[in-house]
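Colleague: requesting a structural model of the entry that follows:
(2 chains)
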Amino acid sequence: MLPSPHPFSRCTVATVRQIFHPDTGQRLADNQMVCHYPNHYELTRKDLMVKNIKRYIRDQVKEGNSVEGADCLPVTYLLPADYSLFVEEFRRSPNCMWIMKPANAAQGRGIFIINKLAQIKKWSSGRFAGRDQETYVVSRYIENPLLIGGKKFDLRIYVLITSFRPLRMYLGDGFARFCNANYSSDLADIDNMYIHLTNVSVQKHNEDYNDQHGGKWNIQNLRLYLESTRGLAATEKMFSDIDDLLVHSAKSVQNVIINDRHCFECYGYDLLLDDDLKPWLVEINASPSMNATSQGDREMKTKLMKDVFDIVLPDSVNVNDPDFKGATSTGPCRDTGDFVVLYDEAAEAERAARAEEMKQNAGRGRSARERPASSKLWK
Amino acid sequence: MIVTDDVLRAEREETDENSNANLYTCVTPGLTVKEVTFRFYHQSKALAKARVLAHVRKHGGSVPAATREIVRSTGLEKQVRNLVAWEVENKPEKPANNPGNNPGNRARQAAELEGDRWRESVNEEMRMAAREAGQPIAQRRVAEPNPEGGEGRKARHIFDAEDLLDAVARAGAEGNCSGEVMGAARGGGEKGGGGELGMVGMVRVRLPTPSLTSLRKTFAALHPSNRQYGLDETLVGPAGKQFIAHRHELGEKVVAEAFVPVARQYAKLGLPPALRPAIYRIALGLPPTPSSKEAAHYASLLRSYARTSFHPTDSLLALDVGHVSCDASFFPFADALKSVVEAFSRDPYPLHNAVAVAHDPIQVLVEGDTQATNVPASGVHPFKGFIRYAAPLSLVYEKQPDLYFAFRALYSRLFCRLTVIDSTPGNLVHLCLTFERLLFAQHPSLALHLSAVGAKPLQVAFPWICHAFVGALPVEEVLLLWDRCVGHDSLVPLAVCAAALFLWRSEVLLCCKDKAEVEGVFGSGQLHRIRIVPLLQSFLFLEEFKG
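Modeller: Take a look at the predicted model:
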């Protein structure tokens, strides 16, 4: 007898809100799941992401918690809201480049780089205030990206989150996306998007674009290259910083996201590495492209989807069981396929409690249990 | 050759405080190399003597003791040790020339004959290609070479792996096919078959090859009882971390020691990526840290490339570079690899120093020169896949000169053997025969089945062996395999790896019905999760553990 197929509600980033809208009168059944969170835009809109992370860092610092690794955003302002603050900062360091991005667009649309205030007159207050102006974010442009073969690249990393409270995060595969033109921070090249923007949707129009690999490079190769050229310690630190960045970014919206138990989401994180091997968060995508640009790409994305389904609906769990309450009913997070557990808040809390208990027994000669290492990235 | 001012300047920059700047007072630009060498020699002798006597005056003791102390403290001792070790090990092995008309000797002669014929045909292909393109073989550069060739005609490679395989299979075809035959085939003289492995093998030259038992002894370092890179560093938890830390600690000492045999011994257990750049350099006879002299030499090679263009050499190189730009693992380094192979083609070092000389350069008189130039200077005519020998190193070395010198040394010491057809043990023909015999000995029915369906094992494995597994395995695994080759100073691990892959997939292969299916078993993506070290271990040592 075949088991009944698990029904998935097909939803996109646009339609997910309708599914959860109180006025529709429909509610998801207990055995239905949705692959987006209703207010994912708290993470995936550039302006809201910046607001949430800045607020999170402030709160953590106030509470005296460590924010190492959370400082992953370049200096950013929202336009037109923070225009005057931006002008102040701009005037303080006049020789810098800044990158302008629409708050809610994708695929590199509408992005341009500036080095003069005159180039963004439209967003200054006054005549245009009150007009329906698209919100932009302006960030300090990272002018010293890590270059490989003379070309700029960024990292696309897949992160699966099956619950925000408690936080359950899985780290998936990733790849580097290369530009086709050699990098240059000359002002003359400021408008050449083939040098600066790594989006495949931009690069594929370049005549040097090669569809055999689509400019995508395996992250294992990146790790090998970095270990050979920068040493083991620096490479391990970089990957550990990436781990921290991912966890902090999720924690920043932990209390804001509607943590519906029917939801899970596989985010596409875009990170940029600078020449000192510091990772910077560029943006987070709720709907990362599942189109394949090459054979290797197809295999990777197919495996990715299989692993996501294996995590969200493990064979050991029966969603028709009345006790099934979503991700938290599947037990502690487990490495599955190519995904490793990045952060399991419930398990961490339990471990911390036990360590505390052991510490209290330490006076009687018993030692605290060693905390197992967290992620073992891309080995 | 006249010594110019900038060469002298480069030499002077190289000297550290241990050398004496007075050395250079005896030479001026404009002298020939011979004169400079002569003057350096006598000047150095005089300066060394003065130094030793000064040491004796200052610290007392005898002249021999002072000499020993100076040699040790200036690092000269290490350099001399390395030089001696390198020279001793670097003597190319020439098989004993037994006079007499015995089968072994006939085999060798047949192989050599084919090798000569192959070299001639490669040269002929080059000249023909130049004629077709309508351009002289060497001329002052006018414009960038373009792979389209002369009149918009697409340049094609002068030979590729298939052609090389044909030449290997042809070697020894006449006069030496009798002898023991394994399997169902009758004696030699069969069309399309022949060779001592009957219909299964393609190599007809009878050479002694190592048996599995002797391989177990030679590659004892791969035994599972030894913790090594390729396996033990992936262990989760403290065991893996301890192993990594220990290997790094040991490796740093090896690098500090900078002694060729020690570096090789260390490489036998696989290299941590962070230490691979230095260990490869030492094991291949280079000083552990790159110098500005190397960078200057590399720059001069690139300048020489820019000055004179060789046809069709340059367009063939460009064609090969085009392939690497399409490769998913190496495309970021296409520019660097392009410069490296271009510089290589203008470098006479491989012609004079490679352990095996692949091709004969064509002698050409360039306009404006008095002497004929070798085209290419390296003596290696470009063929499809040549750039693969350099490609994995682009993930090891960040700077182009470092990449270049490591590649040049690796080629001259090891990979040149993959381009020649002769009877020397350890070279291509011998490796192919080793592979065939190993496979047949371990799994004769598989070998028979494969040739019956039209996919002889060597046909499938040849591109792996002759390209040193680049493109067939993930880069990390290729480098781990190369670590063993560098450590043992031998390419036999390539043959063993090929046989191991067949054995590992034997069940699936036995179900294949035609050549396409066999190729599909090893096709793209099938091997991208494989771990080479456990594979080699199970091939070599599994029987020990079977009950």
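Colleague: can the helix or strand encompassing B:Y280 be found next to chain A?
Modeller: Remark: B:Y280 resides in helix B:276-283, with elements defined by DSSP states H and E. Yes: against chain A, helix B:276-283 shows contacts by Cβ under 8 Å from any Cβ of the partner chain at B:276-277. C-beta here means a position set from N, CA and C on the backbone, and glycine is covered the same way.
Colleague: so A:L222, which of the three states?
Modeller: helix (DSSP: H, G, I helix; E, B strand; the rest coil).
Colleague: could you say which helix or strand holds A:A181?
Modeller: Assigned by DSSP H and E, A:A181 falls in strand A:168-182.
Colleague: B:D163 and B:K384: what is the separation?
Modeller: B:D163 sits 9 Å away from B:K384, going by Cβ to Cβ, to the nearest Å.
Colleague: those two: who's more crowded?
Modeller: B:K384 (20 against 17; other Cβ atoms under 10 Å in any protein chain shown).
Colleague: touching, that one and B:D320? I think so.
Modeller: Yes: in this structure, B:K384 is within contact of B:D320 by Cβ atoms under 8 Å, at 6.5 Å.
Colleague: quickly list what's touching both of the two.
Modeller: Counting by Cβ atoms under 8 Å, 6 or more residues apart in numbering or on different chains, the shared contacts of B:K384 and B:D320 are B:H157.
Colleague: before we move on, the earlier item: partners of the strand holding A:A181, with directions?
Modeller: Each strand paired with strand A:168-182, and its direction, by DSSP bridges: strand A:151-163 (antiparallel), strand A:216-218 (antiparallel), strand A:340-344 (antiparallel).
Colleague: which elements pack onto the helix or strand just after it?
Modeller: Counting by DSSP H and E, the next helix or strand C-terminal to strand A:168-182 is helix A:193-196. Applying 3 or more Cβ pairs under 8 Å, 6 or more residues apart in numbering or on different chains; DSSP states H and E, one finds that helix A:193-196 contacts strand A:168-182, helix A:200-203.
Colleague: deepest-packed of the ones you listed, please.
Modeller: Between these, strand A:168-182 has the highest mean count of neighbours, a mean of 22, where neighbours are mean count of other Cβ atoms under 10 Å in any protein chain shown.
Colleague: what mean pLDDT does that one get?
Modeller: The average pLDDT within strand A:168-182 is 92.
Colleague: go on, stretch A:257-273?
Modeller: For stretch A:257-273, mean pLDDT rounds to 92.
Colleague: does that stretch reach chain B?
Modeller: No: applying Cβ under 8 Å from any Cβ, one finds stretch A:257-273 out of contact with chain B, separated by at least 13.7 Å.
Colleague: mind checking how far the closest residue to B:P261 other than its chain neighbours is from B:Y266?
Modeller: Excluding the flanking residues, the one nearest B:P261 by Cβ to Cβ, 6 or more residues apart in numbering or on different chains is B:A85, at 5.6 Å. Distance of B:A85 to B:Y266, computed by Cβ to Cβ: 14 Å.
Colleague: comparing these two, which shows the higher neighbour count?
Modeller: B:Y266 (23 against 16).
Colleague: please enumerate the strands of chain B.
Modeller: In chain B, the strands defined using DSSP state E lie at B:138-140, B:308-310, B:362-364, B:373-375.
Colleague: can you put the ones you listed in JSON lines and add mean neighbour count and mean pLDDT?
Modeller: Shown next, in JSON lines, are those (neighbours: other Cβ atoms under 10 Å in any protein chain shown; pLDDT from 0 to 100):
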{"stretch": "strand B:138-140", "mean neighbour count": "16", "mean pLDDT": "70"}
{"stretch": "strand B:308-310", "mean neighbour count": "23", "mean pLDDT": "80"}
{"stretch": "strand B:362-364", "mean neighbour count": "16", "mean pLDDT": "79"}
{"stretch": "strand B:373-375", "mean neighbour count": "20", "mean pLDDT": "76"}
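Colleague: identify whichever of these lies nearest to B:H352.
Modeller: Taking Cβ to Cβ, strand B:373-375 is the member of these nearest to B:H352, at 10.5 Å.
Colleague: which residues are contacting that closest one?
Modeller: With contact meaning Cβ under 8 Å, 6+ apart, strand B:373-375 is reached by B:137-138, B:308, B:310, B:313, B:348, B:351, B:361-366.
Colleague: try 10 Å
Modeller: Applying Cβ atoms under 10 Å, 6 or more residues apart in numbering or on different chains, the set of residues contacting strand B:373-375 from outside is B:126, B:130, B:137-138, B:308, B:310-311, B:313, B:345-346, B:348, B:351, B:360-366, B:381.
Colleague: residue contacts, A:E143?
Modeller: For A:E143, the contacting residues are A:95-97, A:113, A:183, A:185, A:274-275, by Cβ under 10 Å, 6+ apart.
Colleague: could you measure from it over to A:P279?
Modeller: 16 Å.
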